[in-house]
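A.B. asks: next input, structure requested:
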Amino acid sequence: MKKRVAAILGSIVAALFLLVGGTFWYVQTSSKQQKTISTTAQALKKESKDKKTLKASGYDYQITSEEALGGVMATPTSLTKILNKKTILDIVASIPGMNDSQLISATKLKNEWQVKVKRASISYKVRLAHYQNQAGTIDLYSNEIKQHKNYIFTIPEKYYAPYKEEDAKLTSSFSQAANSAVIPSSSSEESSAESSSSKGFNNIQNIIAGKGFDITPVLYDGVIEGYFYDSSTVHLTGLGTYSGEYSNPYTITNKTINIGSQDYKNIPYFLNGNSISFQNWQTKMSDGHTITWQMKWDNTAQSYVDSKSQNP
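C.D. replies: As a prediction, the model looks like this:
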């Protein structure tokens, strides 16, 4: 009888032990599962936020295909100062064909906004800058499909109004500097001015050395990216997977910078203190047509050019 009672008590103790242990295991497992579910939900939420789909608000930024932009002027107030990220993304979504694109990143790049998006599995880079007054420029290009488009847009008055006076002062100062720098067109006087300006050219070379640039045919697709490697050489490449890096010599006169091939010779520039601006120029094609070219500073150009394999 005692053995039977002992056996029953042993069974009860074992059952209680299993019950308590099982309950503990269940609680621990459930807690881990809840933690995993919570972590996964947070990750999905972050991923969803990072991959935001851009939706145009419907505001009319008067985006039009860019024609040749004439004239050289003082560097205007930075677009990164005038427009915030939300407005920039709305402008990108308003570009023809770019609504519902997926945002990859949006960053301030000195005076420009640079936005990377993906649409229909194609990646695009969009650069937005302030041109003059309420006009802004948009460079939209994709290496994957070798496409490059330029647009002009209008900065909303409510955003630009605080900077009107500031830009007017910059333009006035620049005009005075440009007028005082005009050199007579007489060849003898020009030759004399050039011979006495070698020190000035050295200063210009110091300013531009290491700076990247884009050379764009305004009315045609295609972009040349490059940077001034030293006082006599530029490194260049075209957009696209199969464009390699190559070098060209360059020279400076008191009016122009001359890079390698015929298309990039006689690039007009203006010096304003330690700042250099470029004016659009034109070249003739063999069929009689004219190409208008535009050159802009681009501080991402050097890394892009150097990433290309060196051509023999």
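A.B. asks: residues contacting Glu166?
C.D. replies: Applying C-beta atoms under 8 Å, 6 or more residues apart in numbering to Glu166 gives the contacts Thr77. Any C-beta I mention is one placed from the backbone N, CA and C, and that applies to glycine too.
A.B. asks: kindly report the same for Phe228.
C.D. replies: Phe228 touches 205, 208-211, 213, 234, 250, counting by C-beta under 8 Å, 6+ apart.
A.B. asks: with those residues in mind, which one is nearest to Thr64?
C.D. replies: Top of the list for closeness to Thr64, among the contacts of Phe228 and by C-beta to C-beta, is Phe213 at 24.8 Å.
A.B. asks: how many neighbours does that closest one have?
C.D. replies: Applying other C-beta atoms under 10 Å, we find 24 residues neighbouring Phe213.
A.B. asks: got the contact list for the longest strand along the chain?
C.D. replies: Determined from DSSP state E, the single longest strand within the chain is strand 122-132. The contact list for strand 122-132, computed with C-beta under 8 Å, 6+ apart, reads 69, 73, 76-79, 82-83, 88, 91-92, 95, 98, 101, 104, 109, 111-118, 136-145, 152-153, 155, 167, 171, 296.
A.B. asks: restricted to strands, list the contacts of Phe228.
C.D. replies: Filtering these for strands - DSSP E - leaves 213, 234, 250.
A.B. asks: now the last one: closest residue in space, sequence neighbours ignored.
C.D. replies: Residue nearest to Tyr250 in three dimensions, not counting chain neighbours: Ile259, with 4.6 Å by C-beta to C-beta, 6 or more residues apart in numbering.
A.B. asks: please enumerate the strands of the stretch 101-250 of the chain.
C.D. replies: With DSSP state E, counting those that start in this stretch as the criterion, the stretch 101-250 of the chain has strands at 102-109, 112-119, 122-132, 135-142, 147-154, 212-217, 224-228, 233-238, 246-252.
A.B. asks: can you pull the buried residues of stretch 116-132?
C.D. replies: Using 16 or more other C-beta atoms under 10 Å as the test for burial, stretch 116-132 gives 116-117, 119, 124-132.
A.B. asks: ranges for the helices of the protein?
C.D. replies: Here the chain has its helices, by DSSP state H, at 2-50, 79-82, 85-94, 157-160, 164-180, 187-195, 198-208, 301-306.
A.B. asks: doesn't Lys296 make contact with Asn280?
C.D. replies: No. Under the criterion of C-beta atoms under 8 Å, Asn280 is not in contact with Lys296, lying 10.6 Å apart.
A.B. asks: where does pLDDT dip in the chain?
C.D. replies: 1-51, 66-74, 170-202, 217-222, 239-243, 261-262, 287-289, 309-312 (pLDDT under 70).
A.B. asks: my guess is Ile276 contacts Ile207. True?
C.D. replies: Yes. If you go by C-beta under 8 Å, Ile276 and Ile207 touch, sitting 6.0 Å apart.
A.B. asks: and the residue nearest to Ile257 when sequence neighbours are not counted, what is it in contact with?
C.D. replies: Spatial nearest neighbour of Ile257, excluding adjacent residues (C-beta to C-beta, 6+ apart): Ile267 at 4.7 Å. Residues counted as contacts of Ile267 (C-beta under 8 Å, 6+ apart) are 256-259, 278, 281, 293, 295.
A.B. asks: going through those, which ones are buried?
C.D. replies: The neighbour-count test (16+ other C-beta under 10 Å) marks 256-257, 259, 278, 281, 293, 295 as buried among the contacts of Ile267.
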